[in-house]
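Student: Structure of the sequence below:
(2 chains)
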Number of protein chains: 2
Amino acid sequence: MDSRFQQEIEQLRLTLLHMAALAERSLSTAIRSFFERDVELARQVIAGDHEINLLEIDIDKRSLRLLALEQPMARDLRFIVGCMRISIDLERVGDQAVNIAQRAVFLSKRPPLPPLPAMEQLADTALDMLMSVIQALIHESIQEANDVCHMDDTADELNVTVLRNLLDYMVKEVPAVERAVETIIAARCLERAADQATNIAESVIFIVRGVNIKHGCEE
Amino acid sequence: MDSRFQQEIEQLRLTLLHMAALAERSLSTAIRSFFERDVELARQVIAGDHEINLLEIDIDKRSLRLLALEQPMARDLRFIVGCMRISIDLERVGDQAVNIAQRAVFLSKRPPLPPLPAMEQLADTALDMLMSVIQALIHESIQEANDVCHMDDTADELNVTVLRNLLDYMVKEVPAVERAVETIIAARCLERAADQATNIAESVIFIVRGVNIKHGCEE
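Tutor: Numbers count the residues shown, from 1 in each chain, chains lettered A, B, ... in the order given. All right, here's what the predicted structure looks like:
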């Protein structure tokens, strides 16, 4: 019974890591489609979201079964609850990727805006945070999870920079207004993906240490 | 033991309903601050978010204790897991309210844009969805929860209408570009609050019927 339980916990862990890998690929592909103006890549992201959604449902089912059939204690309980939370955030990373891919489809068919270094840095930061938090999850590393939390301010600042740059640009280039707004929306999606990576980092810390650090270490 | 457990479940329910009432008040106050251009109301929303965040942590703690100390079965288990999920969504409704209030502070100090009927309808729809889903939660009503799910398309469409209207306006009124972009961001926050109400409706259905209807009834 106990080893059966541990097998199911391990299966839950593998399913979550599979979902994390898909979400990471979806975000990185969406970012490539955006900067390379590649409609085909964008369509792959949009088509692939269904699989991520199904994995969220699968993780929910596995977690509930474990909670219902066994009586998990302490660390196992936190792991199961943590998996449910992380899968919600990964599913939302997938949604941000789809949203970015939709902007990419729109923008690829229109004249390009001038390069926006802050937008590229924001994309790098968001993707770096997601990749790092998956490593933190694999290694169950508090240190790596904390590093991700500390990167979130950078993402917020870069998003503000993109917004400022594009507002300035729109005033000078009125025909570019719609393209600029679509880019502002894509930047907000990147910033939100960074938020979701931060949420996942908080869940990793919760699993390992049993401490809730949501909302800036309020406890 | 059993009655103690039922007392704790009831306490969890009351805490969740308290959190729901605060989130609803926060969203409705943010909407008023936005349309009435009232900086003082907006500041109340921003200051009040901390209490909503603390309730999320409280609900997490209560839920985990119930999962760890008792061995809840079937309906009770779904209720506890459902409460954890709903509290995550309510906290995010609070975040949207803060975001709208921040736009209200910015916009109140600048000349008003022309009236946007679609924006007012979007605000009404989002708030109506949130109020309705809280009623669905109180009554544990599948019918009321389903009604909320069906309103989500309306919110999406109204958000697109606001975006279209403001893009047209910006092209004609270049000095209004920044105010229009801030309004587009506020509209997206309303649309996301509507999404979160839909998520909560799905959690209500999960609690009552034990069926996962996420991602359009995939199972």
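
Student: give me the element the closest residue in space to residue A:134 that isn't next to it in sequence is part of.
Tutor: Leaving aside its chain neighbours, residue A:134 sits nearest to residue A:20 (4.7 Å; criterion: CB to CB, 6 or more residues apart in numbering or on different chains). To be clear about C-beta, it is placed using only N, CA and C from the backbone, and glycine gets the same treatment. If you go by DSSP states H and E, residue A:20 is part of helix A:2-36.

Student: and after that helix, which helix or strand comes next?
Tutor: The first helix or strand that comes after helix A:2-36 along the chain, using DSSP H and E, is helix A:39-69.

Student: what helices or strands is that next one leaning on?
Tutor: If contacts are counted by 3 or more CB pairs under 8 Å, 6 or more residues apart in numbering or on different chains; DSSP states H and E, helix A:39-69 sits against helix A:2-36, helix A:74-108, helix B:74-108, helix B:214-217.

Student: how big is the angle separating that helix from helix A:2-36?
Tutor: 160 degrees (axes from the mean of the first three to the mean of the last three CA atoms, to 10 degrees).

Student: mind listing what the residue nearest to residue A:134 touches?
Tutor: Counting by CB atoms under 8 Å, 6 or more residues apart in numbering or on different chains, residue A:20 makes contact with A:86, A:90, A:134, A:137.

Student: From these, pick the one nearest residue A:57.
Tutor: Distance ranking of those against residue A:57, using CB to CB, places residue A:90 first at 12.4 Å.

Student: which residues touch residue A:171?
Tutor: With contacts taken as CB under 8 Å, 6+ apart, residue A:171 has the following neighbours: B:174, B:175, B:177.

Student: Name the nearest residue to the residue nearest to the spatial centre of chain A, ignoring sequence neighbours.
Tutor: With distances taken as CA atoms, centre = their mean, residue A:93 lies nearest the centre of chain A, 3.4 Å away. If you skip the residues right next to it in sequence, residue A:93 has residue A:23 as its closest partner in space, 4.5 Å away by CB to CB, 6+ apart.

Student: burial measure for that neighbour, as a count.
Tutor: Residues within reach of residue A:23, counting by other CB atoms under 10 Å in any protein chain shown, total 32.

Student: ok, it touching residue A:133?
Tutor: No. Under the criterion of CB atoms under 8 Å, residue A:23 is not in contact with residue A:133, lying 10.5 Å apart.

Student: still on that earlier bit, and the residue nearest to the centre of chain A, how far is that from chain B?
Tutor: According to CB to the nearest CB, to the nearest Å, residue A:93 and chain B sit 15 Å apart.

Student: Hmm, residue A:195 and that residue touching each other?
Tutor: No. Applying CB under 8 Å, one finds residue A:93 not in contact with residue A:195, separated by 9.8 Å.

Student: quick revisit: residues in contact with the residue nearest to the centre of chain A?
Tutor: By CB under 8 Å, 6+ apart, the contact list for residue A:93 reads A:23, A:24, A:26, A:27, A:130, A:193, A:196, A:197.

Student: how about CSV for the residues you listed, with pLDDT added?
Tutor: Putting the contacts of residue A:93 into CSV (pLDDT from 0 to 100) gives the following:
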residue, pLDDT
A:23, 98
A:24, 98
A:26, 98
A:27, 98
A:130, 98
A:193, 98
A:196, 97
A:197, 98
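
Student: Closest one to chain B out of those, please.
Tutor: residue A:196 (11.1 Å; CB to the nearest CB).
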